[in-house]
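Visitor: coords below, sequence missing:
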């Protein structure tokens with residue numbers, strides 16, 4: 001399909017559809033709808049296309065259907081109207097937008113009205129710049145939005161604001177549309193095209209099978225009760241677990257956390273290893289004042305402080321003192337009494353220290369920075 005009113009471009013994994021009818025405010029024609037259908041078919045059949053982006057040239061994103069190309073003679077009788085409307089109103093195309101297991105992004109750089117908004121409601125992500133504006137003018141034709149403009153809108157922003165757009169015929173500026181959940185993000189006019197493309201490229205780089213499963217799960221669980229929805233979550237994850245993509249991503253994540261410490265810290269963690277740890281036969285303080293932990297002594301409090309300080313971990317002196325006592329096994333109550341601090345303050349120091357060290361808890365800290373040998377019991 002070739003038409004000057006709609007342009008399809010491929011940019012690596014992103015397929016872009018551009019409405020190119022600015023003099024007519026990008027009002028949708030049958031040719032433009034056919035172009036959207038063609039883009040959707042490419043998205044479905046080409047595995048290398050990961051994202052569909054819909055944008056527009058000109059001051060308007062879309063002013064709705066081009067009513068100058070529509071006949072004023074409506075089918076006679078309600079049942080006949082419903083049949084013709086269902087066949088010709090592109091309901092199926094918007095449904096396919098929701099059902100295709102790849103993300104569709106729509107970028108509004110100006111007003112988005114009528115059928116343009118109905119189409120956008122079926123897309124996965126709606127991005128806007130500050131010049132975007134939203135409205136549903138179907139009342140002027142003696143109708144209500146009938147291609148998802150009512151049903152999808154209510155699900156998305158609720159009846160409160162659906163009344164504002166549909167019944168009151170009001171428009172929403174970009175900021176208000178963002179505040180009610182109609183759009184996901186607003187970008188500056190100057191960087192809008194680049195920001196949108198960056199977002200699409202990030203989507204394209206995300207795991208293909210997880211992306212497909214996530215979109216499917218979101219649609220399936222939208223109207224379910226919580227118990228059924230959780231069953232869908234488990235079902236989807238069971239289909240992903242053990243697959244090549246899942247195993248590769250999990251291995252990558254493990255490698256990332258294994259190497260997450262700065263080089264100087266990892267070097268110090270190696271240097272602060274086994275020599276100061278001696279086998280112990282008790283989990284209480286021994287006769288030398290050392291605290292045994294998991295079968296290995298971890299030294300005196302001053303020794304722990306010295307080792308933490310020597311590791312150049314960037315802790316304050318008080319954080320060193322508190323952390324060393326936690327490692328030694330002193331309770332928060334005991335530490336609070338020693339330093340005249342609230343237990344909540346001790347907990348804050350501990351949390352701050354652990355976050356700064358990128359670790360999850362006491363025994364991980366012992367292993368990484370005090371040299372607890374791998375395989376030692378850390379119960």
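Guide: Structure's in. What do you need? These figures come from a predicted structure and were not determined experimentally.

Visitor: how about the strands in this structure?
Guide: Counting by DSSP state E, the chain has strands at residues 6-11, 14-19, 51-56, 104-108, 111-113, 125-129, 133-135, 172-173, 185-187, 292-293, 296-297.

Visitor: next, count neighbours for residue 5.
Guide: Residues near residue 5, counting by other Cβ atoms under 10 Å, number 18. C-beta coordinates here come from the backbone N, C-alpha and C atoms, glycine included.

Visitor: picking that back up, between the strands of the chain, which one is nearest to residue 341?
Guide: Nearest to residue 341, of all the strands of the chain, is strand 292-293, at 23.9 Å by Cβ to Cβ.

Visitor: closest one to residue 315 among the strands of the chain?
Guide: Among the strands of the chain, strand 292-293 comes nearest to residue 315, with 20.2 Å by Cβ to Cβ.

Visitor: first-to-last residue distance for stretch 146-155?
Guide: Terminal residues of stretch 146-155 are spaced 14 Å apart (Cα to Cα, to the nearest Å).

Visitor: could I get the buried residue list for that stretch?
Guide: Neighbour-count burial for stretch 146-155 flags 146, 147, 148, 149, 150, 152, 153 (criterion: 16 or more other Cβ atoms under 10 Å).

Visitor: check stretch 184-193 too.
Guide: Buried residues in stretch 184-193, defined by neighbour count with 16+ other Cβ under 10 Å: 186, 187, 192.

Visitor: as JSON lines, these with distance to residue 11 would be great.
Guide: Formatted as JSON lines, those follow (distance: Cβ to Cβ, whole Å):
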{"residue": "186", "distance to residue 11": "23"}
{"residue": "187", "distance to residue 11": "18"}
{"residue": "192", "distance to residue 11": "16"}
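
Visitor: and of those residues, the nearest to residue 331?
Guide: The nearest member of the buried residues of stretch 184-193 to residue 331, counting by Cβ to Cβ, is residue 186 at 49.9 Å.

Visitor: where's the closest one relative to residue 58, distance?
Guide: Counting by Cβ to Cβ, to the nearest Å, the separation of residue 186 from residue 58 is 19 Å.

Visitor: mind checking pLDDT for residue 298?
Guide: Looking at residue 298, its pLDDT reads 56.

Visitor: cool, and the one 3 residues further on?
Guide: At residue 301, the model reports a pLDDT of 81.

Visitor: do I have it right that it meets residue 328?
Guide: Yes: judged on Cβ atoms under 8 Å, residue 301 makes contact with residue 328 at a distance of 5.2 Å.

Visitor: more neighbours: which of these two?
Guide: Between residue 301 and residue 328, counted using other Cβ under 10 Å, residue 328 has the larger neighbour count: 19 against 16.

Visitor: what's the pLDDT at that one?
Guide: For residue 328, the model assigns a pLDDT of 77.
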